[in-house]
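1. Quick check, what structure comes out for this input:
(chains A and B, ligands or ions: 3)
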Amino acid sequence: MDYFDVAIIGGGGTGAATAYDLALRGLSVILFERGELTSGTTGRHHGQLHSGARYALGDHRIARECMAETLILRRIAADALEFNQGLFLAVDDEGESLTDEFVEACRAADIPATEVPVARAREWEPRISGATRRAVLVPDGTIDAYRLAMRFFASAASRGAVIRNYTQASGIEVTGGAVRAVAARSLRDGTETRYECGAVVNAGGPWADRVAALAGLEVPVTPAAGTMVAVEGRVANMVISRLRRPSDGDIVVPQRRLSIVGSTQRKVEDPDGLRPLPEEIELLLASADELVTGFSAQPFRAAWAAARPLAGRSSEEGREISRDIAIVDHGKSDGVRGFFSVLGGKATTLRRMGELVSDQVAAFLGKAEPCRTAKFDLAPYADYWRLP
Amino acid sequence: MTQRLRIQLGGQAPAAGSAHFEDFEVNLPSGATLLDALEYIRTGVAPDLMYRHSCHHGSCGTCAVRVDGKEVLACLTALDSLAGGIPVIEPLRALKLEKDLAVDPGALFRSLPKNTSHLRESEVEHYIRFEDCIECGSCVSACPVTARSWDASTGKVEGFLGPAALAAVHRESLNSPERAEEMRTVAERPDGVAACEKHFDCSRVCPRMVYPGKHIEMLRREFART
Ligand SMILES: Cc1cc2nc3c(=O)[nH]c(=O)nc-3n(C[C@H](O)[C@H](O)[C@H](O)COP(=O)(O)OP(=O)(O)OC[C@H]3O[C@@H](n4cnc5c(N)ncnc54)[C@H](O)[C@@H]3O)c2cc1C
Ligand code: SF4
Ligand code: FES
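-> Ligands and ions are numbered 1, 2, ... in the order given. Modelled structure (predicted):
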């Protein structure tokens, strides 16, 4: 009978970072992903390395967390990122009057935001909107979504974590008020295997409610679809954002030789099989044109949707770690010891999510090792597939 | 819009059954892609359908398959472009089949010289940081030499490094002059440039316009010169 200290359910960036973190602490780990690794939300997001500027006016703690993680990722995963920076553009009255407050809010969150003359901004990025009235430089960047997550998988695997793709967790066994095993079904041959374990981490992203249901529990997650549109060509080298309170279609992220505008938000029943709506595509292209001249005239490349887990946040004891990331200790909240859910977050904060949930899992298992994931360069992403 | 697809199923694991074809019907609005069709089938009648995908916009390189014998990225293939027939969807050749349309890209990654597959600043347009090759394996599958030299029992291509690897070797020799000698040694191996028969199918199928065939030719010319 196989035994693992921790079974992780969900093979997106959060699961990957958690597997690496726990493996570094010397725990034995197995991770289940029902499809290919990163086939959930992680591979499909907008690709913005958030300095936190976008959240500065809303919640300075989220903003500060993004900035801290940006600095860490630049150190440990440089080749999965672009160091291209970002510009926030005030293109209307709202933006113009918000600019001072915005810069101040960024600085309060340790984000080095600087207003630059519009003429200078236009030297850097000739295609920014003619309506630009004020411009602010921030340390945003671009993430290669797939390769960043795969670097965490490669690092986890090199530390002995067992990663099982195409393997769907089909049951969580609870006896005497504690998790005891996970049953997982292989899509390769349809067989189901039982894995005994000391703890279970639900890293199911927008599927987290379905994963919790395997243990008969509920977590407050509602899936929402977010649409993005990619066009050929880099309309800008920097990440271009609209300076206003966060809304639909106000960010253009360049990625390789593409430019991507996003995103939208619409509640859905099922995070699977999402398709963008024609009106969303139209709205996004029109919004992008307000930021960058001629965006919609670039050759169309792709439109797609990713699922966002909208968290119905609860203030129950032990639930709220940060505004953005919630760790649920189901031992405390539901009487199922050893079961933890990690909810919310961003691709930018994947490492931090892994750290927060691993702190609790390690403490539960009586392992005193601290988090070390911020210390070392991650393994090259190709190593994951290179291993025989 | 309704479209029928003929998909190769099964393959590797004994319990998965040997490879065979099955027809599926999908009903999706115009604008949908072949990847959307696979998602439609998986979330509907065939929950165990295995295929690879991640970014859905042609960046990650995971979703390459063969449509009527030609390599494409499923996420950039409009379903409309397949109308009027029943396209045959197969996994890539010359890589180990896992099941259905999913292959193990391990052999591709092992063929690439170490540290060149890292994303790095491109020397051509200094502000574009990422290299163009997305390691999708299309060229390896399309190349008649790799396809012929592929040994399903060992899961290896014997005798040819393959187009993606040689393109990476050439690229690396330009990007990092200090590694030029090392790269040249790789390219000069019998399974390097010499094994290429100049079919150029690699360049025809490459979805990122890396033109691996051109890189191989450039290596060949460099050898002739010195
Ligand atoms: C439209 C949009 C744009 C975004 N843009 C950005 C951005 O620009 N920058 C940024 O930092 N963040 C962005 N994000 C946020 C970011 O994408 C997510 O926070 C992150 O990808 C979540 O990763 P995850 O691992 O938690 O979830 P996921 O990647 O969804 O992983 C969960 C996994 O669990 C698997 N799973 C489910 N059930 C089971 C089961 N029973 N057994 C096994 N596996 C199972 C799923 O298949 C899935 O792969 C964006 C999100 C959206 C929706
Ligand atoms: S060279 Fe082109 S076809 Fe070959 S792996 Fe790279 S992107 Fe794919
Ligand atoms: S899913 Fe990433 S290239 Fe198609």
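
2. Break chain A down into its structural domains.
-> A:2-42+A:146-220+A:322-386, A:49-141+A:223-309 (automatic domain parsing).

3. what's the closest residue to residue B:188 other than its chain neighbours in contact with, if anything?
-> Counting by Cβ to Cβ, 6 or more residues apart in numbering or on different chains, residue B:223 is the residue found nearest to residue B:188 once chain neighbours are left out, at 6.8 Å. For glycine as for every other residue, the C-beta is placed from the backbone atoms N, C-alpha and C. Residues near residue B:223 by Cβ atoms under 8 Å, 6 or more residues apart in numbering or on different chains: B:184, B:187-188, B:193.

4. Considering these, which possesses the most neighbours?
-> Within these, most neighbours by other Cβ atoms under 10 Å in any protein chain shown means residue B:193, with 24 neighbours.

5. is it true that that residue touches residue B:219?
-> Yes. Counting by Cβ atoms under 8 Å, a contact exists between residue B:193 and residue B:219, whose distance comes to 5.0 Å.

6. thinking again about what came up before, pick the most buried one from the domains of chain A.
-> Per residue and on average, the most neighbours among the domains of chain A fall to domain A:2-42+A:146-220+A:322-386, with a mean of 22 (mean count of other Cβ atoms under 10 Å in any protein chain shown).

7. Kindly list the main-chain dihedrals of residue B:7?
-> phi -110, psi 130 (degrees, to the nearest 10).

8. Check residue A:263 too.
-> Reported as degrees, to the nearest 10, the phi and psi values for residue A:263 are phi -130, psi -170.

9. these two touch, right, it and residue A:247?
-> No. Contact criterion Cβ under 8 Å: residue A:263 and residue A:247 do not qualify, at 10.4 Å.

10. Point to the residue nearest the middle of chain A.
-> residue A:347 (2.2 Å; Cα atoms, centre = their mean).

11. Now for it: which residues touch it?
-> Residue A:347 makes contact with A:13, A:42, A:45, A:143, A:145, A:148-149, according to Cβ under 8 Å, 6+ apart.

12. Kindly indicate whether the closest residue to residue A:281 other than its chain neighbours is helix, strand or coil.
-> The shortest distance from residue A:281 to any non-neighbouring residue, by Cβ to Cβ, 6+ apart, is to residue A:303 (5.0 Å). Secondary structure, DSSP: H, G, I helix; E, B strand; the rest coil: residue A:303 is strand.

13. what do you get for the one 3 residues further on?
-> The assignment at residue A:306 comes out as strand when based on three-state DSSP.

14. residue contacts, it?
-> Shown in contact with residue A:306 (Cβ under 8 Å, 6+ apart): A:41, A:44-45, A:225-226, A:228, A:263, A:274, B:56.

15. looking at the domains of chain A, which is closest to ligand 2?
-> Closest to ligand 2 of those is domain A:49-141+A:223-309 (Cβ to the nearest ligand atom; 11.0 Å).

16. and residue A:102, that's in a helix?
-> Yes. Judged by three-state DSSP, residue A:102 forms part of a helix.

17. just checking, residue B:189 touches residue B:165?
-> No. With contact defined as Cβ under 8 Å, residue B:189 does not reach residue B:165; the gap is 10.7 Å.

18. which of these two has more neighbours?
-> A count of neighbours by other Cβ under 10 Å puts residue B:165 above the other of residue B:189 and residue B:165, at 26 against 11.

19. In a strand, that one, correct?
-> No. Counting by three-state DSSP, residue B:165 is not part of a strand but helix.

20. now residue 5, nearest residue through space, not along the chain?
-> All of this refers to chain A. Excluding its sequence neighbours, the residue lying closest to residue A:5 (Cβ to Cβ, 6+ apart) is residue A:27, at 4.1 Å.

21. You answered for a different chain; I wanted chain B.
-> What sits nearest to residue B:5 in space, not counting adjacent residues and going by Cβ to Cβ, 6+ apart, is residue B:24, at 5.2 Å.

22. what residues are up against that neighbour?
-> For residue B:24, the contact set (Cβ under 8 Å, 6+ apart) comprises B:4-5, B:7, B:41, B:45-46.

23. May I have the helix or strand containing it as PDB, with CA atoms only?
-> For residue B:24, the host element (DSSP states H and E) is strand B:20-27. Extracted C-alpha coordinates of strand B:20-27, given in PDB (Å, rounded to 0.1, in the frame of the first residue of the first chain):
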ATOM      1  CA  HIS B  20      -8.600   2.700 -33.400                       C
ATOM      2  CA  PHE B  21     -10.800   5.400 -34.800                       C
ATOM      3  CA  GLU B  22     -14.200   6.700 -33.600                       C
ATOM      4  CA  ASP B  23     -16.400   9.400 -35.000                       C
ATOM      5  CA  PHE B  24     -17.700  12.200 -32.800                       C
ATOM      6  CA  GLU B  25     -20.200  15.000 -33.600                       C
ATOM      7  CA  VAL B  26     -19.700  18.400 -32.100                       C
ATOM      8  CA  ASN B  27     -22.100  21.400 -32.200                       C
END
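
24. what comes up buried for that strand?
-> In terms of neighbour count (16 or more other Cβ atoms under 10 Å in any protein chain shown), strand B:20-27 has its buried residues at B:24, B:26.

25. Pairing partners for it, with directions?
-> strand B:2-9 (antiparallel) (DSSP bridges).

26. can you list the weak-confidence ranges in chain B?
-> B:12-17, B:116-130 (pLDDT under 70).

27. could you redo the last one with a cut-off of 80?
-> Within chain B, the stretches with pLDDT under 80 are B:12-17, B:115-131, B:224-226.

28. domains of it?
-> Using automatic domain parsing, chain B is parsed into the domains B:2-103, B:105-225.

29. Residue A:270: which of the ones you listed is closest?
-> domain B:2-103 (7.7 Å; Cβ to Cβ).

30. Span of that closest one from start to end?
-> For domain B:2-103, the first-to-last residue distance is 28 Å (Cα to Cα, to the nearest Å).

31. And stretch B:166-182, by the same measure?
-> Using Cα to Cα, the span of stretch B:166-182 from its first residue to its last is 13 Å.

32. who touches that stretch?
-> Stretch B:166-182 has contacts (Cβ under 8 Å, 6+ apart) with B:112-113, B:116-117, B:120, B:122-123, B:131, B:133, B:139, B:161, B:183-184, B:186-187, B:192-193, B:196, B:210-212, B:215-216, B:218-219.

33. Tell me which residues touch the residue nearest to residue A:281, please.
-> So residue A:303 contacts A:227-230, A:276, A:280-281, B:31 (Cβ under 8 Å, 6+ apart).

34. who touches whichever helix or strand residue A:122 is part of?
-> Element membership of residue A:122, judged by DSSP H and E, is helix A:118-124. Helix A:118-124 is touched from outside by A:87, A:89, A:128, A:132-135, A:137, A:237-238, with contacts defined as Cβ under 8 Å, 6+ apart.

35. change it to 7 Å
-> Residues outside helix A:118-124 that contact it (Cβ atoms under 7 Å, 6 or more residues apart in numbering or on different chains): A:87, A:128, A:132, A:134-135, A:238.

36. Alpha carbons of it, as PDB, please.
-> The C-alpha trace of helix A:118-124 is given here as PDB (Å, rounded to 0.1, in the frame of the first residue of the first chain):
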ATOM      1  CA  VAL A 118       3.200  61.600 -21.800                       C
ATOM      2  CA  ALA A 119       5.800  62.500 -24.500                       C
ATOM      3  CA  ARG A 120       8.300  60.200 -22.800                       C
ATOM      4  CA  ALA A 121       5.700  57.400 -22.500                       C
ATOM      5  CA  ARG A 122       5.000  57.800 -26.200                       C
ATOM      6  CA  GLU A 123       8.700  57.600 -27.000                       C
ATOM      7  CA  TRP A 124       8.700  54.200 -25.300                       C
END
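
37. Any chance you could list what contacts the next helix or strand after it?
-> Remark: after helix A:118-124, the chain's next helix or strand is strand A:134-138, criterion DSSP H and E. The contact list for strand A:134-138 (Cβ under 7 Å, 6+ apart) reads A:51, A:53, A:85-90, A:96, A:99, A:102-103, A:106, A:111, A:113-116, A:118, A:121, A:243.
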